[in-house]
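Peer 1: Sequence first, predicted model second:
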Amino acid sequence: EAQVTQNPRYLITVTGKKLTVTCSQNMNHEYMSWYRQDPGLGLRQIYYSMNVEVTDKGDVPEGYKVSRKEKRNFPLILESPSPNQTSLYFCASSLSTVMGKAFFGQGTRLTVV
Amino acid sequence: GQNIDQPTEMTATEGAIVQINCTYQTSGFNGLFWYQQHAGEAPTFLSYNVLDGLEEKGRFSSFLSRSKGYSYLLLKELQMKDSASYLCAVRDRRGRDSSYKLIFGSGTRLLVRP
């Protein structure tokens, strides 16, 4: 089954404790991206990747890092999480860099206390 | 700048028709998507328009007018399971590297009542 898989689904952590949210897709998609979703603000792009070893900042990259060592994986790293990073996070992938139909992961609800 | 507007909430009756509007202002428009998102779940693709006109897919249709910066999603024969948020997203060309990005509206929460 074609899918984007994120882990964990839920995470509560403390300020400053490094964490990684994993994202994996099995569709051989080139384009992957991370979004955060906050009430009233919609989905905002954090980082994107057009292919292996090619990543770039989206609209709200501060406090986040990403890597794309393999085509299927695109982890999101929070080196020193802060409470304002409490949000619902989605990973998405698309077949090509023209950003056609996007497939989303199940979401990760992160709470930083 | 870039801006996408859609109503925050709408209510409709089971079996009825509802139209959700979306207006946008972007610098490098290259297509418009509609996604459905049930509470706490991932957005799922509904429709895509890149040329003016109506695209029909079962009970759902989407319309685009590029000259007016306007789109709507039409849901017919509403069912209770259609209660969800509907996200309008514009594919926009970035200035710096000619790649594309999706810009999302805040979503319209639709409540379908019996």
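Peer 2: Arrived safely, thanks for sending. Residues are numbered from 1 along each chain as shown, chains lettered A, B, ... in the order given.
Peer 1: how about low-confidence regions in chain B?
Peer 2: Counting by pLDDT under 70, chain B has low-confidence residues at B:1, B:95-98.
Peer 1: Write out the residues of it neighbouring chain A.
Peer 2: B:4, B:33, B:40-45, B:48, B:87, B:89, B:91, B:97, B:99-102, B:104-107 (CB under 8 Å from any CB of the partner chain). (C-beta placed from N, C-alpha, C; glycine too.)
Peer 1: Please convert the buried members of these into ChimeraX selection syntax.
Peer 2: ChimeraX command restricting these to the buried ones, with burial defined by 16 or more other CB atoms under 10 Å in any protein chain shown:
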select /B:4,33,42,43,48,87,89,91,99,100,101,102,104,105,106,107
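Peer 1: Bridged to residue 36, which residues?
Peer 2: Let's take chain A. Beta bridges link A:Arg36 to A:Arg44, A:Tyr89, judged by DSSP bridges.
Peer 1: Correction: the question concerned chain B.
Peer 2: B:Thr44, B:Tyr86.
Peer 1: So it sits against B:Leu46, correct?
Peer 2: Yes: using CB atoms under 8 Å, B:Gln36 is in contact with B:Leu46, at 5.3 Å.
Peer 1: Between the two, tell me which one has more neighbours.
Peer 2: B:Gln36 (21 against 17; other CB atoms under 10 Å in any protein chain shown).
Peer 1: mind listing the strands for chain B?
Peer 2: Using DSSP state E, the strands of chain B run over residues B:3-5, B:9-13, B:18-25, B:29-37, B:44-49, B:53-57, B:60-65, B:70-75, B:84-93, B:100-104, B:108-113.
Peer 1: The third one: how far from the chain's middle?
Peer 2: Relative to the chain's own centre, strand B:18-25 is displaced by 7 Å; criterion: CA atoms, centre = their mean, to the nearest Å.
Peer 1: ok, it: who's next to it in the sheet?
Peer 2: In the sheet, strand B:18-25 lines up against strand B:3-5 (antiparallel), strand B:70-75 (antiparallel) (DSSP bridges).
Peer 1: Can you name the residues that contact the spatially most central residue of chain A?
Peer 2: What sits nearest the mean C-alpha location of chain A, by CA atoms, centre = their mean, is A:Trp34, with 3.0 Å. Residues near A:Trp34 by CB atoms under 8 Å, 6 or more residues apart in numbering or on different chains: A:23, A:45-48, A:58, A:64, A:66, A:74, A:76, A:89-92.
Peer 1: All good on my end, thank you.
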